[in-house]
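Asker: Turn this into a model:
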Amino acid sequence: MSERSQVIYAGRTMRDARLKAGIGSQRELADRTGIAPSIISDLERGRRSMSPNWSKRISEALSAYSTDLTR
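Answerer: Residues are numbered from 1 along each chain as shown. Next up, the predicted model:
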């Protein structure tokens, strides 16, 4: 799998985890994590790679393991 495909897959995984956690909007996730909404959007769309810091903060907000978000 190419690096680009991995980033897109991770973004879909993150979106699915957000919705499963009952967080309906990217803005709500941004508010809970302190990460800019534009970054949350870019991560879910596969336009950015997940940093370890963002992964930790998002995982805590979603009650998920960070490795689930970085595939």
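
Asker: what's the host helix or strand of Gln6 packed up against?
Answerer: Element membership for Gln6 (DSSP states H and E) is helix 3-20. Applying 3 or more Cβ pairs under 8 Å, 6 or more residues apart in numbering; DSSP states H and E, we find helix 3-20 packed against helix 37-44, helix 52-62, helix 66-69. C-beta coordinates here come from the backbone N, C-alpha and C atoms, glycine included.

Asker: And the first one, what's buried?
Answerer: Neighbour-count burial for helix 37-44 flags 39-44 (criterion: 16 or more other Cβ atoms under 10 Å).

Asker: could the residues you listed be laid out in TSV, adding distance to Ile58?
Answerer: Shown next, in TSV, are those (distance: Cβ to Cβ, whole Å):
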residue	distance to Ile58
Ile39	10
Ile40	8
Ser41	13
Asp42	13
Leu43	8
Glu44	10
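
Asker: for the residues you listed, which one is nearest Glu28?
Answerer: Ile40 (9.5 Å; Cβ to Cβ).

Asker: Please verify my assumption that that closest one contacts Ala30.
Answerer: Yes: the pair Ile40 / Ala30 is scored as a contact, 4.9 Å apart, by Cβ atoms under 8 Å.

Asker: Could you report the neighbour count for Gly22?
Answerer: Neighbour count of Gly22, defined by other Cβ atoms under 10 Å: 8.

Asker: in this structure, which residue is closest to the centre?
Answerer: The chain has Met14 as the residue nearest its centroid, 4.0 Å off, counting by Cα atoms, centre = their mean.

Asker: can I assume that residue is in contact with Arg45?
Answerer: No: the criterion here is Cβ under 8 Å, and Met14 misses it with Arg45 at 10.1 Å.

Asker: helix/strand/coil for Ala64?
Answerer: Look at Ala64: counting by DSSP: H, G, I helix; E, B strand; the rest coil, its state is coil.

Asker: Just give me the neighbour total for Lys56.
Answerer: Lys56 has 14 nearby residues by other Cβ under 10 Å.

Asker: still on that earlier bit, and the residue nearest to the centre of the chain, what does it touch?
Answerer: 43-44, 50, 58, 69 (Cβ atoms under 8 Å, 6 or more residues apart in numbering).
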